[in-house]
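Engineer: any chance you can model this:
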Amino acid sequence: MVCLGNICRSPLAHGILERMIADESLDWQVDSAGTSGFHDGDLPDPRSIAVAKSHSIDITSQRSRRFIRSDFKNFDHILVMDQSNFQNVRILTDNENDLAKVELILNYTSPGMNKAVPDPYYEGGFEGVYHMLYAACRAFVNTHK
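Structural biologist: Take a look at the predicted model:
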């Protein structure tokens, strides 16, 4: 899961998918990162923590980190939140296989529409973002299990 700072959207998606993986006893690994590295080592935004907690998901063990080239070797799917993240991650690809791993997460609920998950950092709307990400993660799990 990748967003800009790895403190709002991607930690929520990470927590949601992690819960689904546990609930379905899937042998998957999930992580999240940001394209900027602005918040390396920081906890998720308190508002993301609160909305996750309101849905019985604890994301306080997560720490922000920057997306790095070796993530392509460690993960089969790189799900990004918006076009900017998409472009910034694609720049780091070394080959067509890596390029094929990068997807906009909302294409799982709106195929081919290339919709962005709005960044709630300045505008708010964390609950709405949670529900968007929940639906996309559910569709991802249903597609890949």
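Engineer: list the buried residues in stretch 87-97.
Structural biologist: 88-89, 92-93 (16 or more other Cβ atoms under 10 Å). Heads up, the C-betas are built off the backbone N, CA and C, glycines and all.
Engineer: by mean pLDDT, flag the weakest helix or strand of the protein.
Structural biologist: Scoring the helices and strands of the chain by mean pLDDT, DSSP states H and E places helix 120-123 at the bottom, with a mean of 93.
Engineer: distance from that one to the middle of the chain?
Structural biologist: 16 Å (Cα atoms, centre = their mean, to the nearest Å).
Engineer: hmm, back to that, out of the buried residues of stretch 87-97, who's nearest Leu17?
Structural biologist: Using Cβ to Cβ, Val89 is the member of the buried residues of stretch 87-97 that lies nearest Leu17, at 17.3 Å.
Engineer: after whichever helix or strand the closest one is part of, which helix or strand is next?
Structural biologist: Assigned by DSSP states H and E, Val89 belongs to helix 83-90. Per DSSP H and E, the first helix or strand lying C-terminal to helix 83-90 is helix 96-101.
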